[in-house]
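A.B. asks: Need a 3D model of the sequence below.
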Amino acid sequence: MADRGEFRQRRGKAPARAAESAPAAAKGEEVVEPSLISILVESVLGFLLWSSMWQIAPCLWLIPLDAMGVTGWEGVVVFWIILSPTVGARFMQRSFGSPVGVFLLRCVGLLFSFGAYPFVPTQGKIIRYLLLVVGTTFLFMAWSLQLWGYKGRGGSARWASVNGTIMGLFVTLALRSWFRSLNPVFVSEQWGIGALVLGLVASVIRLVCLWGQSYQWQRPAQIVGPGCFISSVACGALIFLSGSLFGDPSVLSRWVGSGHPDVGPAPNPCGISVVLCLAFGVVGLPCLANYFIWWLLGTAGAATMYFVDGNVGYAGGLVFAMYLGSLMPQLIYRATQHAVGRSMMIFSTTFILNLVLCVWCTAYNFVPGGEATRERTHILILAGAIVLGFATCVYGNSISGDKKDDDESESTRKELLRKRHLAPKAMAIIGLLVIASVSGIAVRHAAYNPQANEKTSPEFTAAIWTVHFGIDNNGLNSFSHMANLINNSGADVIGVLETDAAKPFLGNHDMAMYLSEVLNMYTDYGPGPRHHTWGCLLLSKYPIIKSQHLLLPSPHGEIAPAIHATLLIGGKHVDVMVVHMGVDTDDLDRKLQARTLAEVMRATVNPTFFLGYITCQPGGRDYMQLTRDGNMTDIDASEKERWCEYILYRDLIRQGFARITHGSLTDTEMQVGKFKVKTSPDEKDNSEMVYDSSRVPAHLRFPERFGERRIGHHYARYFLDHVFHMNTPRYFVQP
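C.D. replies: Numbering: from 1, shown residues only. Prediction:
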């Protein structure tokens, strides 16, 4: 272990013993490029670190989601902030500042992070969350000790770690490209076990590669440039912005999307451009990182992405992706030039604080101090861009030693200049990962064919369902189960609520893309992430002629989204409204929202149906506003045991109504209605309600897989226990 002189940082030359034990690069030797095996192993470890870090946010969100408010469990993540700086303590460096010590920390982190999902009981979501936080902390500490401590062999181990951290993002993008925006290691038990085994094998290989090498805890000669605080804050902001905006190829499309027919660049296949631009920034543009004009272009791109819809906003986002990519090699490497304990505390605090503020910007109605952060995501992005500008443009242009005639400082300067870029082998691997990403998106694009599933019949089935952001009641991803239930229900048009999961604290998942590709249906995503709603989504087997995204009046509470779309059903234009109104505690919001919706529906000239979340009982003020002033009819006004989900219609013929239990997939049932488009204006609606399915043709009957009519509420006996309940199904016929 190094003596006290090696831990002490001086402003002049380093002590003689420190100079004798300094890295080869500090004595003028050429910086050694990492080996291929080192880069491959580090890319695997980097991917697992990215996956674990970004899974904390959805887990952090799960518990307050159920309580609709802060519970206190969120504070567990402070464990990461408190423990990570201990890597700077003398006892930690003595105990774990070696290849074996890093190996042990990493193995514990892998077992906790990736063993939590396949091995913890399904109902143990709090246990999974606690284990994930602890596991991520240990992985982070292992990464810190290796990245900061090892400077042997011309700095190749450190350089490999920097390269691997960046490549981990591209491994994530490649997997998400194939798995429709999902990271499979936290969705599939098999993939989770595979990730755990792969991580342990990679850790063993890394241990063998570094066996016998000592860790040295002095930094190179002092470098003029951003200090510990600004470097660490910039690194944390860079990781947050890169992962939150470009951690999945589809996110950018949802930020700038609008209604049909001009929806803007679709995530499939336009997500390819996100991967290409991010890779181009990392590989080809680090030389621009310290230029003010480049920072100005990147910041302008971010502003364009946030404030402009469509192709122009998308182009701005691509510029911002290139800008962030160009900063990665330099900023991650620069952060390692400072004291590891302080750097880790500032970095982890910055990252977690950004995640929390991201939640506060959207969930402001349920958190303390929410009014101050309401819809302030643009300020969060701008603050990150300013910090990046300070770290690269204001301070980053000085990359010389404190004494330019000193050989040691000059060699350090050359080392830094070179390590602004990735190793050539790493660039080649990133090229292969880009090809993998492009291939995944291209294969999915070729398979997506909603025209093959398109319906032309005037008889259709509509459904409304609130899906809890694709997270089931056990805290696990429910996308595949959702797709199965929608398919089994026979729904041709479905309004899905609480769907905007393209946010970092919801996993950056594109639910619309996933469901539309699996079910081969047309889709409208609704208002995107930058509008700070919980989301509403339209899926349809009928072509979407046009649509409009609405943000309903919400002066006090959460922003209420709506979609007003026109479909081509049976050769005629039919309008549909998909709506998620505010919570029942925001009375003024709901009053204004119901009034606005009534005005929109009253003005429609086409047959219209409404699939929405009203948050009041039948006969309540807002219900009456929509039915009376909006000139709409409840599909079954006799059904009084409803609270939030409703199906309304006008100038259509109702044929059936059913309620299907959620089966623990969400906290809300699915409601299904059957309709027919009138063939003539004189055609009368069905007015008699019957329970006997033999009174209607076979093709109009609800699926038998959900059982027979049940009286009263059915409580799920087991997971995916989907059955009819509440005295449904019911059918409507002519008297």
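
A.B. asks: for stretch 452-461, which positions count as buried?
C.D. replies: In terms of neighbour count (16 or more other C-beta atoms under 10 Å), stretch 452-461 has its buried residues at 455, 458-461. (Each C-beta comes from the backbone N, C-alpha and C, glycine too.)

A.B. asks: Could you point out the longest helix of the protein?
C.D. replies: The longest helix of the chain (DSSP state H) is helix 36-67.

A.B. asks: What residues sit buried inside that one?
C.D. replies: Buried residues in helix 36-67, defined by neighbour count with 16+ other C-beta under 10 Å: 38-65.

A.B. asks: you'd agree Ala423 is up against Trp159?
C.D. replies: Yes - counting by C-beta atoms under 8 Å, Ala423 does reach Trp159; the two are 6.3 Å apart.

A.B. asks: overlap in contacts of the two?
C.D. replies: Common neighbours of Ala423 and Trp159 are listed as 33-34 (criterion: C-beta atoms under 8 Å, 6 or more residues apart in numbering).

A.B. asks: So which of those two has more stuff around it?
C.D. replies: Using other C-beta atoms under 10 Å as the criterion, Ala423 and Trp159 rank with Trp159 on top: 28 against 23.

A.B. asks: Doesn't the more buried one belong to a helix?
C.D. replies: Yes - with DSSP: H, G, I helix; E, B strand; the rest coil as the criterion, Trp159 is located in a helix.

A.B. asks: On the three-state scheme, the nearest residue to it once chain neighbours are set aside is what?
C.D. replies: Take Trp159 and drop its neighbours on the chain: the residue closest to it by C-beta to C-beta, 6 or more residues apart in numbering is Pro34, 5.4 Å away. Three-state call for Pro34 (three-state DSSP): coil.

A.B. asks: Leu207 now?
C.D. replies: Classification of Leu207 by three-state DSSP places it in helix.

A.B. asks: who's in contact with it?
C.D. replies: Contact partners of Leu207, counting by C-beta under 8 Å, 6+ apart, are 99-100, 102-103.

A.B. asks: from those, which two are the most distant?
C.D. replies: For these, the maximum inter-member distance is 7.4 Å, found between Val100 and Val102 (C-beta to C-beta).

A.B. asks: The two: which is more packed in?
C.D. replies: Taking other C-beta under 10 Å, Val100 and Val102 do not tie; Val102 has more neighbours (25 against 12).

A.B. asks: And that one, what's its pLDDT?
C.D. replies: As predicted, Val102 sits at a pLDDT of 88.

A.B. asks: That one touches Phe96, doesn't it?
C.D. replies: Yes - at 6.5 Å, Val102 counts as touching Phe96 under the criterion of C-beta under 8 Å.

A.B. asks: what's the overlap in contacts for these two?
C.D. replies: Counting by C-beta under 8 Å, 6+ apart, the common neighbours of Val102 and Phe96 are Leu145.

A.B. asks: What are the boundaries of the helices in the stretch 301-450 of the chain?
C.D. replies: Assigned by DSSP state H, counting those that start in this stretch, the stretch 301-450 of the chain shows helices spanning 310-335, 340-362, 370-373, 377-389, 407-418, 424-447.

A.B. asks: now do the stretch 1-150 of the chain
C.D. replies: Secondary structure of the stretch 1-150 of the chain (DSSP H, counting those that start in this stretch): helices at 4-7, 16-20, 36-67, 78-83, 90-96, 99-119, 125-149.

A.B. asks: Looking at those, which is nearest to Val171?
C.D. replies: With distances scored as C-beta to C-beta, the stretch of the helices of the stretch 1-150 of the chain nearest to Val171 is helix 36-67 (3.8 Å).

A.B. asks: so what does that closest one touch, helix or strand wise?
C.D. replies: For helix 36-67, the elements it packs on are helix 99-119, helix 125-149, helix 156-178, helix 189-209, helix 228-246, helix 340-362, helix 424-447, judged by 3 or more C-beta pairs under 8 Å, 6 or more residues apart in numbering; DSSP states H and E.

A.B. asks: I'd like to know which of those is closest to Asn311.
C.D. replies: Of all the helices and strands packed on helix 36-67, it is helix 228-246 that lies closest to Asn311, at 17.5 Å by C-beta to C-beta.

A.B. asks: got a list of contacts for whichever helix or strand comes after the closest one?
C.D. replies: Going down the chain from helix 228-246, the next helix or strand is helix 251-256, by DSSP states H and E. The contact list for helix 251-256 (C-beta under 8 Å, 6+ apart) reads 244-246, 264-267, 270-271, 274, 305-306, 308-310, 313-314, 317-318, 321, 500, 502, 508, 510, 512, 525, 528-530.

A.B. asks: now those residues: which count as buried?
C.D. replies: Neighbour-count burial within the contacts of helix 251-256 applies to 244-246, 264-267, 270-271, 274, 305-306, 309, 313-314, 317-318, 321, 500, 502, 508, 510, 512, 525, 528-530; the criterion is 16+ other C-beta under 10 Å.

A.B. asks: ok, the contacts of Leu207 vs Val394, which is closest?
C.D. replies: Ranked by distance to Val394 (C-beta to C-beta), these are led by Val102 at 34.1 Å.

A.B. asks: Where does the prediction get shaky in this protein?
C.D. replies: Filtered on pLDDT under 70, the chain yields the residue ranges 1-31, 66-67, 69, 87-89, 149-155, 212-226, 395-420.

A.B. asks: Go again with 50.
C.D. replies: Scanning the chain for pLDDT under 50 picks out 1-29, 152-154, 218-224, 398-408.

A.B. asks: ok, so what distance separates the residue sitting nearest the centre point of it from Leu169?
C.D. replies: Among the residues of the chain, the one closest to the centroid is Asn508, at 1.3 Å (C-alpha atoms, centre = their mean). Between Asn508 and Leu169 the distance is 12 Å, computed by C-beta to C-beta, to the nearest Å.

A.B. asks: Repeat that for Leu62.
C.D. replies: Using C-beta to C-beta, we find Leu62 at a distance of 24 Å from Leu169.

A.B. asks: again with Trp191
C.D. replies: Trp191 is 18 Å from Leu169, by C-beta to C-beta.

A.B. asks: Those two: which is more packed in?
C.D. replies: Leu169 (25 against 20).

A.B. asks: thinking that one is in contact with Trp50, fair?
C.D. replies: Yes - counting by C-beta under 8 Å, Leu169 touches Trp50, with 5.8 Å between them.

A.B. asks: shared neighbours of those two, which are they?
C.D. replies: Counting by C-beta under 8 Å, 6+ apart, the common neighbours of Leu169 and Trp50 are 243, 247.

A.B. asks: quick revisit: what are the phi and psi angles of the residue nearest to the centre of the chain?
C.D. replies: Torsion angles at Asn508 (phi, psi; degrees, to the nearest 10) stand at phi 50, psi 40.

A.B. asks: That one and Gly470 touch, don't they?
C.D. replies: No - with contacts counted by C-beta under 8 Å, Asn508 stays clear of Gly470, the gap being 11.7 Å.

A.B. asks: if we can go back for a sec, out of the helices of the stretch 301-450 of the chain, nearest to Met670?
C.D. replies: Taking those one by one with C-beta to C-beta, helix 340-362 is closest: 25.1 Å.

A.B. asks: quick one: contacts for Ala452?
C.D. replies: With contact set as C-beta under 8 Å, 6+ apart, Ala452 has these partners: Asn520.

A.B. asks: for Ala195, that is, sorry about that
C.D. replies: 48, 51, 114, 185.

A.B. asks: Identify the residue spatially nearest to Pro703, adjacent ones excluded.
C.D. replies: Closest residue to Pro703 apart from its sequence neighbours, by C-beta to C-beta, 6+ apart: Gly490 at 5.8 Å.
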